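Enquirer: Sequence below, structure please.
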Amino acid sequence: MKQMEITGAIAATDKHLAEVESALGELRLAGTGQEGVQNTDEDKDSALKQIEEERVALDSSRKLLKELLSMTREEVIAKATSESQNRSIQVTFGNQNSGFQIGISNGPISGISFGGKGA
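Expert: Coordinates of the predicted model:
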């Protein structure tokens, strides 16, 4: 669940970052004294500075979110690994003191023949 929320936040940050980049580009291209627009150089510089600061903040947020997502993934892997290692299995055998008894075998078993006792 955390991973989906972080991934969603990264996507939203990317979208907002693209919007800021677009606004920044438009503002840099916009000239002063355009028809119907009354921008002074101070207003334009102030707006550019604010948008640039927002871009830097969004970029930093994106980096932190990526790091958080990485840490969350590592946490999930560590949790899954520890759960599989913490499982205990108990095997109880009867009173037979002969034959083949095995609890758990995670590897191949070879060289065994089944049949009567003794040779």
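Enquirer: what's the distance between the residue nearest to the spatial centre of the chain and Asn106?
Expert: Geometric centre of the chain, nearest residue: Leu69, 3.3 Å, by C-alpha atoms, centre = their mean. Using C-beta to C-beta, to the nearest Å, Leu69 is found at 33 Å from Asn106. Where C-beta positions appear, they are placed from N, C-alpha and C, glycine not excepted.
Enquirer: and the helix or strand where Ile77 lies, average pLDDT?
Expert: Assigned by DSSP states H and E, Ile77 belongs to helix 41-85. Here helix 41-85 scores 85 as its mean pLDDT.
Enquirer: Contact partners for the residue nearest to the residue nearest to the centre of the chain when sequence neighbours are not counted?
Expert: Leaving aside its chain neighbours, Leu69 sits nearest to Ile6 (4.5 Å; criterion: C-beta to C-beta, 6 or more residues apart in numbering). If a contact means C-beta atoms under 8 Å, 6 or more residues apart in numbering, then Ile6 has Leu65, Leu68, Leu69, Thr72 as its contacts.
Enquirer: number of nearby residues for the last one?
Expert: Just to be clear, that refers to Thr72. Per other C-beta atoms under 10 Å, the neighbour tally for Thr72 reads 16.
Enquirer: For it, give me its contacts.
Expert: Neighbours of Thr72 in contact, by C-beta under 8 Å, 6+ apart: Lys2, Gln3, Ile6.
Enquirer: Look up how far Leu65 lies from it.
Expert: Per C-beta to C-beta, Thr72 is found 10 Å from Leu65.
Enquirer: tell me which element the closest residue to Ala47 other than its chain neighbours is part of?
Expert: Take Ala47 and drop its neighbours on the chain: the residue closest to it by C-beta to C-beta, 6+ apart is Leu27, 5.8 Å away. According to DSSP H and E, Leu27 maps onto helix 2-29.
Enquirer: All good on my end, thank you.
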